[in-house]
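> sequence and predicted model, in that order:
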Amino acid sequence: MRLRKFSRNEEGAAVVEFALVMPILALIIFGIIDFGRAFYTVNNIISAVREGSRYGAILPAPMSSLGQSEIRTRVRGVSKPFGGDTLRDEHIEIEFDGELVTVRVDSFPFRPLTPIAGALGVGTWPISRQATFRWERGT
């Protein structure tokens, strides 16, 4: 009689079910957060290179040291990091062929917050984007 009463008791079942579901739910939530941060970072970098290229297109000498410095400052100023690294000069490349000004951010490291990402081998995602505008002072 006592054994039957013990087998019908389900008071701790909810805690066990929660303990089984919680890690999966936490992984999904952190994945959504990391995906949102990655999407924001890509859009932020696209906006920054577009602004730098537009600014370089109106400079009288975009490949001079002063022009490159101004373009890099403009790109870094537009970029607003969201829980990650900031843009540095080594990530920003500027090209000018006499007619087109191209600004590129190459291999910007995005690090996800999910701790499992490092164990899965996706600890850092390189993000590269570029924008090209016609040089307005060239005509």
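Arrived safely, thanks for sending. This is a predicted model, so every value here is computed, not measured. Numbers count the residues shown, from 1 in each chain.

> what's the mean pLDDT across the helix or strand harbouring Ile32?
Per DSSP states H and E, Ile32 falls inside helix 13-58. Summarised as a single mean, pLDDT over helix 13-58 is 90.

> what comes up buried for the helix or strand just after that helix?
Remark: after helix 13-58, the chain's next helix or strand is helix 65-78, criterion DSSP H and E. Of the residues in helix 65-78, those scored as buried under the neighbour-count criterion (16 or more other C-beta atoms under 10 Å) are 67-68, 70-72, 74-76, 78. In this view, the C-beta of every residue, glycine as well, is placed from N, C-alpha and C.

> Ser128: how many residues sit nearby?
When neighbours are counted by other C-beta atoms under 10 Å, Ser128 registers 14.

> which residue is the nearest non-sequential neighbour of the most centrally placed residue in the chain?
If you average the C-alpha coordinates of the chain and look for the closest C-alpha using C-alpha atoms, centre = their mean, you land on Thr41, 3.1 Å from that point. For Thr41, the nearest residue in space outside its immediate sequence neighbours is Phe110; the separation is 5.4 Å by C-beta to C-beta, 6 or more residues apart in numbering.
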